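Novice: Build me a model:
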Amino acid sequence: MDIHTPHIINFRKPPKGKTKLFIKDVYKNEIALFGKIAGLAGVGIYLVVKFKMGLAKKDGFYPVTNKDLQQYKNNIHRNTKYDALRKLRGENLIEYFSDEKSGKATQVRILTNDKK
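Specialist: Numbers count the residues shown, from 1 in each chain. As a prediction, this is how the structure comes out:
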């Protein structure tokens, strides 16, 4: 019997300066819920906020910019982001506020605590 490693496994270190993003406290039930209600934009919002929560190590409101959501495959448009924010707030999954006249990013806080 011959043991081999599949070609998809990469044991090499990433090139210098290239690191993978790690998002702390991401739960599959929450991702599924955000995706069911608001689609890919909802999942993107969830991941961006969770990533920023992990960096700050505290709960609170975090900015979700249009540029944050452009990294996804479908390049989520700003109007889609606002539609998703309204749907998620309607289901009491998030709170957000935005000063439309200032031009600053919308501040978002996740309200779910489903740790399954």
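Novice: for the spatially most central residue of the chain, what are its contacts?
Specialist: With distances taken as C-alpha atoms, centre = their mean, Leu47 lies nearest the centre of the chain, 1.5 Å away. Listed by C-beta atoms under 8 Å, 6 or more residues apart in numbering, the contact set of Leu47 reads 23, 26, 31. Using the backbone N, CA and C atoms, a C-beta is placed for each residue, glycine as well.
Novice: Helix or strand: which one has it?
Specialist: helix 28-56 (DSSP states H and E).
Novice: By mean pLDDT, point me to the weakest helix or strand of this protein.
Specialist: Counting by mean pLDDT, DSSP states H and E, the chain has its least confident helix or strand at helix 66-69, which shows a mean of 85.
Novice: what packs against the next helix or strand after that helix?
Specialist: Remark: after helix 66-69, the chain's next helix or strand is helix 78-90, criterion DSSP H and E. Contacting helix 78-90 under the criterion 3 or more C-beta pairs under 8 Å, 6 or more residues apart in numbering; DSSP states H and E are the following elements: helix 28-56, helix 66-69, strand 94-97, strand 106-110.
Novice: Fine by me, thanks again.
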